[in-house]
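Undergrad: sequence plus predicted model, see below.
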Amino acid sequence: MKKSLSLLLAIAMVFSLFAGVASAADNGKTALEKFNELKAKGIFAGIDEQGTPGLDQPMTRAQYARVAALILGLQGISPNGDTKVVTEKPFKDVELDAWFVEEVAAVKEAGIMVGNPDGTFNPNGNITVQELAVVTAQSLGLTPVEDAKVEGADDWAAGYIQALLNEGINFPTNYKEPATREQLVVVAYEMNQVVNPEEPEKVSVVSAKPIGVQKVEVKLDKAVDTSKATLTLKRGSTTINTKAEFSADNKTAVLTLTDTKVIAGEYTVTLGGLDDSQVAQKTASFTAEDETVQSIEFVNASEWIPYSKYVTLKAKAFNQYGEAASLGASNFTAYVLGTEIQPKKDAEGNLVVEFNITTSGSNALGNGLVQGSSVVPVYIYYNENRVTAQKQFRLGTAPFLSKVEIAGDVKYSEGSQLSAADQKA
């Protein structure tokens, strides 16, 4: 079953084309040609009594619900009639024997369309352009722009329309007029192209990009025989050793660099191992940058630090791929109470800052501090771009031993207990 998320992804791409529906030759095909293609796929049936599309007529809410549910396969909705049986009316005015009951129930469950405050759906009512805008904005999770005013639109829709415009998603400006079936056909056609793309006869490398300091993602537009297909990564003319792992659909692969990491330069991925007659586009290129730090976060759970000679604070630096940065500790600087301290790195990749916050011993920083009330500012930054983490820690009291627990099973040097001199546990 396709998830409603598919619609959210599709809508953002599709409705930007909505303003251009007046052009009947979009993508080189007329609206009628698009209708006939969708009809052949079972998405549309004959709309009027003569079985003709009636593209100049308004579309109803029920028609929109059916088309969306069919394209997305919501709740098992499919052109062959293999649908989920609905046993409870989704809305007061949607009867169980209505031709659209399954589709309306499906779009309701997916959150794509909602009813009226009185519990009705108004299936035979027309959808206006501004209603489509509201449904689209809600589906995309956009927050309506407060107090927005859009010329020609009602106030209840203006905030959503402005939110869409802010995202670069354009709609026709005849907001209060019913959307036509031609517009439904054009939107449905583009939506179906995005949600249910047809695989080409020959495979192409669609894209390649780094997704980690040692990982490159490669996307194909057609599944390949992974026992034959190979992917070669080069930086300039130098071949980079990688290990490829394909996704379950054999259309995406992640190349893991085995003895180096992605650095600044021009990279090319080449698809091989297949007959030339099977391949349309063999290569894809990308420009990579050196690893850098995008953020630093403290990982200590507490806001308190002890009054101790051995205070340890930890932070983690994240690179542009959202990973723990592989950069060495020497690339970072820390300050505690204005005193510079060189961090270390532990086995988990954390930056470790160790210091003495008392008034005695080597490098003591606690002069003038009061246990239980003073605040200790700590800064850690990446030397290259000054990305910084800063936090005000509260100074607690001196720690003391209050409890000792044995972690794991006790192992005795002899037997199961201490019973003689020189025995150990």
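TA: Now that the structure is in, tell me what you want to look at. Numbering: from 1, shown residues only.
Undergrad: show the contacting residues for Val336.
TA: The contact partners of Val336, taken as CB atoms under 8 Å, 6 or more residues apart in numbering, are 353, 355, 357, 365, 376-378. (Glycine included, C-beta is placed from N, CA and C.)
Undergrad: any idea how far it is from Asp154?
TA: 58 Å (CB to CB, to the nearest Å).
Undergrad: Glu384 too?
TA: For Glu384, the distance to Asp154 equals 52 Å [CB to CB].
Undergrad: so which helix or strand takes in the closest residue to Phe44 other than its chain neighbours?
TA: Of all residues beyond its chain neighbours, the one nearest Phe44 is Leu38 (4.8 Å), with distances taken as CB to CB, 6 or more residues apart in numbering. Mapping Leu38 onto the secondary structure by DSSP states H and E places it in helix 31-40.
Undergrad: which parts of that helix are buried?
TA: Of the residues in helix 31-40, those with enough neighbours to count as buried (16 or more other CB atoms under 10 Å) are 31, 34-35, 38-39.
Undergrad: ends of stretch 254-263, how far apart?
TA: Between the opening and closing residues of stretch 254-263 lies a distance of 17 Å (CA to CA, to the nearest Å).
Undergrad: my bad, should have said stretch 219-233
TA: End-to-end span of stretch 219-233 (CA to CA): 14 Å.
Undergrad: quick one: the nearest residue to Thr60 once chain neighbours are set aside from Arg61, how far?
TA: Leaving out its chain neighbours, the residue that sits closest to Thr60 by CB to CB, 6+ apart is Asn124, at 5.3 Å. Counting by CB to CB, the gap from Asn124 to Arg61 is 8 Å.
Undergrad: pLDDT on the strand or helix carrying Gln193, on average?
TA: Secondary-structure assignment from DSSP H and E places Gln193 in helix 181-195. When the per-residue pLDDT values of helix 181-195 are averaged, the result is 72.
Undergrad: over to stretch 125-133?
TA: 84.
Undergrad: poorly predicted segments of this structure, please.
TA: Counting by pLDDT under 70, the chain has low-confidence residues at 1-28, 45-53, 75-84, 136, 138-141, 168-171, 187, 190-191, 194-196.
Undergrad: ok so, going back, so who does the residue nearest to Phe44 touch?
TA: Taking CB under 8 Å, 6+ apart as the definition of contact, the neighbours of Leu38 are 44, 185, 188-189, 192.
Undergrad: would you reformat the residues you listed as TSV and include neighbour count and distance to Val101?
TA: As requested, the contacts of Leu38 are arranged in TSV below (neighbours: other CB atoms under 10 Å; distance: CB to CB, whole Å):
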residue	neighbour count	distance to Val101
Phe44	24	19
Val185	28	23
Ala188	22	20
Tyr189	23	25
Asn192	22	23
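Undergrad: which parts of the stretch 101-250 of the chain are strands?
TA: The residue ranges that make up the strands of the stretch 101-250 of the chain, judged by DSSP state E, counting those that start in this stretch, are 203-212, 215-220, 230-235, 238-240, 242-246.
Undergrad: sweet, I'm off.
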